[in-house]
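In: I need the structure of the sequence given here:
(2 chains)
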Amino acid sequence: MGAPDEKPPLRVVGRAQRKVDATAKVTGRTVFADDIFLPRMVYGKILRSPHPHARIVSVNTSAAEALHGVQCVLTGQDTPTPFGILPVSQDEHALCPDKVRFIGDPVAAVAAASEDVATHALELIDVQYEPLDAIGSINDAIEKPEPRVHDYGTGGNIHKTVHLEFGDVEEGFAASDLVREDLFFYEGNTHLPMEQHAAVADYSADGKVTLWSSTQTPHYVHRALARVLDLPPARIRVIACPNGGGFGGKSDPFSHEIVAAKMAMQLGRPVKITLTREEVFYCHRGRHPVLMWVKTGADKTGRIKALHFKTALDGGAYGSYGVASTYYTGALQTVTYEVERYKFQGLRVFTNKAPCGPKRGHGTPQPRFGLEVALDKVAEQLQLDPAQMRLDHLAPADSVTANYLRISSMQLGECIEKVVAGSDWKNRFRKLPYGRGVGIACSSYLSGAGLPIYWNNMPHSGVQLKCDRGGGVTVFCGSTDIGQGSDSILAYIVAEVLGIDPLRIAVVTADTDLTPVDLGSYSSRVTLMSGNAALQAAERARDIIGRAVAKELDIPQARLVFACGRVFDAEDPDRGVDWAKAVCIAEGAVGTIGTVGSYTPPPSPGRYRGAGVGPSAAYSYSAAVAEVEVDPDTGIVTVPTIWIAHDVGRSINPVLVMGQVEGSVYMGLGEALMEEMAYRENRRVVHKIPSLLEYKSPTTLEMCDVVTYLVTHPDPNGPFGAKEAGQGPLLPVMPAVANAVYDAVGVRIDEVPMTPEKVLQALKLKARGKEGRYGPTAFPEIDWEDPIRVRPPWAGGDGSALKEGAVGAGGVRVPARHPERQH
Amino acid sequence: MAPNSNSDSAVRIHLTVNGEPTDVLFASHKTLLEVLREDLRLTGTKHGCELGECGTCTVLMDGMPVLSCLVLGQACEGRAIKTVEGMALGPQLHPLQETFAELGAAQCGYCTPGFLLTAEALLQESASPSREEIKRALAGNLCRCTGYLKIYEAVELAAARMRGEDAQAGEETLYGRT
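Out: Sure, this is the predicted structure:
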């Protein structure tokens, strides 16, 4: 583990520098998946369902097969094995065998000599459908158990329910000075990576499949391919190409990857499938639409005595990461401010829309929006400054929350102070003229999930290191660079430990044949996990080399310094050897120099069912102040500036952290103001806007100025103290904007995105003397199962669920659960 | 679409690509984007929508930025096309390429070629563009990674260097505010 202040002083870590792949990226040399052209390659296209929900009666491919240039045609009969990212949601097929569940669901596929021929052949495939009633919304799914989208889940069209209680919240509300209930809705939106997903598969006659793909998770794609192709994993090689943006949208195994592999196996030649932009909208896996009900109980100082959160997620047509997403809508509410008692009820429904999944922040931006806006209302009611109220009740560092998340370092207080000072908050909040306002919000995010997707006791990240006689070092790691700079992080950390220039380091990543497993680029896990694995591998290499060099120089090993491309005596710096010589000395002494490193996050104290979602080795923290201008005549909200401070532990490369923070603010601004994955409001559930023109995202003209503060106090669990930066800074943006809109014009927009129509409607209501608010008005009645009850740590809990019939936190006897509900 | 696109008639044109005279034969319906990527294998030019919505496929035609997905290949007879592969002078990166690398203005790098070429055209026209002018010039290019800020700063830094100034990236750009 990286001690915060290592000797000698850091030379690489903490310094702004180019990425190892920067030159390739600015010269057009980076090879993305669609840039691969192989000899004899053919092109695949996928036929997708025009119906939101229908039974497939028949598929006739004979005309397509007869078309000149067509190489092969696949249907659902060729891909019978289901798959899915989570072991509990193996509910997708590469091509649907008997039923389609959303407009865009894959039904058949053609490989042909050109994309044009393949596209034309798709038109010749005759699919007979028997349409079924479509489920179009959360309420629809709850009210209509039939027809079922899937024949698994909690029941009807409810996929999953979660009910957890940490202390008796009712007792907490009774002890509160203020109790309020709020409703929020967060519309779904999508990742919109600039690169459309692409995959190239090849098959060699010795029985090996190779897949190049724009995926964030080659390890999981490897597992899915082995399953659906029914091949031993050792005969499959998955290479993740650099991703042209991911943001979570390339984290599932996808239909087109499997279809390309299947076609390559049939044809014995390479097959490429590149999705169109419209298809990318159908792949989706983006932000879940979430309806929220929040009950907050606070004392006069704004301390949260009890918090009760209900979420309902519109999951779309498949499971994807949805079970985890559901838990995540209830997991991280407790890590920013102290919450004495906490209750969470979450539910995910299936609907006939493109499947939702993980987008930057995975399940946490929606409840964070609800919580931070609710706290703004609490502060106003208590006549407290919302920044000061937050500062007064921060969750402490080195503590365990009510729901058993262990917080290590925690610098949210400093983050708040930075943005309050930078934005001149105290002179502007509630003091700006009508139409202008400021708002504050905070957030926290994981530096990687504490548990892997399929439970096992193996490391989450592995690194191998090879030291060459010429002084070069190669780092092998399964991690996938999606633009965030994870390849560079490996090089910087190894360079730091070995005292060499990062340019001496070659990085080989994301290739299941060549690199040890890293679970993938999701949950902001890569810097912390692969960084720690690289650190361990590098320290082991330093030890091997140091031992040999110490012997050669006849000095104690502890006196050796690795720095500036040399290995030398700390007490007599002239006495030493250059790095390449040091490697040769060691190789002469012990043989070829190679080491490994691996990383597994620390165990979490939570032991109740559901405790697996939320724990992390370290939480990042962010605070943001947004300044807005609201035009009361049009309802248009513009954001001139956002001040954001991010507690990153330590920046391995500050300019990359800056880029992650600014990019997060940008994406959050888009979600706050305009981005929505919207469907026509009839039962056909047709996507309104599957194009880059109609799906509004911020251009240079909408993007705000960002004033960024990096708060760095090394975390004991991070490599050199580093925590995540890629997702957390997105989270405070939406609530900060909403709170600023209220400061500007006195209306509450309790729904994301905050479009001009919603602002205008709230302003009109306010002008008529009604509540100036736009947002949902009810949370559906649900027949919840009994909660899993866990006493908070300060109420004598040990992280385990209370046994049925045991005495609960509030001294109330817990009733036994209904036997039929147990699972 | 033709019933069998294989029989689509081929056309041959002569044009200049990155300064080199080039003859290329391709199916007549192809866009400049497709000709560049598929027939000339200049895959540095990317596609984000192939509908003229994102700016990702921007190249320079006779020095002017065009969306190569909206230009028919046939329309390029006699034209001079510049792609990202033609920006560097031999082993020497263009100042914009240097500053994009230096400031992290290329994250995933997929939109980067389009931004670089649009920015190059801007700097050809205006040696000292204001921040507002830069924003307007780049308004047709979408980037999902950077929030555009590092891109503006990279254009400004490159402009300064191209004016002959000994300009360096600001401390705040690289390290944030303290």
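
In: neighbours of the residue in the stretch 601-750 of chain A positioned nearest to chain B, how many?
Out: Residue nearest to chain B within the stretch 601-750 of chain A (Cβ to the nearest Cβ): A:Tyr666, separated by 3.0 Å. Every residue, glycine included, has its C-beta placed from N, CA and C. A:Tyr666: 26 surrounding residues under other Cβ atoms under 10 Å in any protein chain shown.

In: pLDDT score assigned to it?
Out: A:Tyr666 is assigned a pLDDT of 98 by the prediction.

In: need the three-state assignment for it.
Out: Classification of A:Tyr666 using DSSP: H, G, I helix; E, B strand; the rest coil returns helix.

In: can you show me the strands along the stretch 451-600 of chain A?
Out: Counting by DSSP state E, counting those that start in this stretch, the stretch 451-600 of chain A has strands at residues A:461-467, A:473-477, A:505-509, A:560-563, A:566-569, A:572-578, A:594-599.

In: so is the third one next to chain B?
Out: No - judged by Cβ under 8 Å from any Cβ of the partner chain, strand A:505-509 stays clear of chain B, getting no closer than 14.6 Å.

In: now the helices for chain B?
Out: B:32-34, B:95-102, B:112-125, B:131-137, B:149-162, B:171-175 (DSSP state H).

In: dump those into CSV; add mean neighbour count and mean pLDDT as well.
Out: Listed next are these as CSV, based on neighbours: other Cβ atoms under 10 Å in any protein chain shown; pLDDT from 0 to 100:
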stretch, mean neighbour count, mean pLDDT
helix B:32-34, 24, 98
helix B:95-102, 25, 98
helix B:112-125, 23, 98
helix B:131-137, 16, 98
helix B:149-162, 24, 98
helix B:171-175, 17, 96
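
In: now chain B against chain A: closest residue?
Out: B:Gly44 (2.1 Å).

In: confirm for me that that residue is in contact with A:Thr27.
Out: Yes - counting by Cβ atoms under 8 Å, B:Gly44 touches A:Thr27, with 7.1 Å between them.

In: overlap in contacts of these two?
Out: Taking Cβ atoms under 8 Å, 6 or more residues apart in numbering or on different chains as the contact rule, the neighbours common to B:Gly44 and A:Thr27 are B:Val84, B:Glu85.

In: for chain B, what's the nearest residue on the stretch 201-350 of chain A?
Out: A:Gly244 (3.1 Å).

In: helix, strand, or coil at the spatially closest residue to A:Arg180 that is not a sequence neighbour?
Out: Among residues not flanking A:Arg180 along the chain, A:Thr296 sits closest, at 5.6 Å (Cβ to Cβ, 6 or more residues apart in numbering or on different chains). Under three-state DSSP, A:Thr296 falls in the strand class.

In: list the contacts for A:Thr296?
Out: So A:Thr296 contacts A:Leu178, A:Val179, A:Arg180, A:Glu181, A:Asp182, A:Ile304, A:Ala306, A:Leu307, A:Ala374, A:Leu375, A:Val378 (Cβ under 8 Å, 6+ apart).

In: what about the spatially closest residue to the first one that is not a sequence neighbour, neighbour count?
Out: Among residues not flanking A:Leu178 along the chain, A:Ala298 sits closest, at 5.1 Å (Cβ to Cβ, 6+ apart). A count of nearby residues for A:Ala298, using other Cβ under 10 Å, gives 27.
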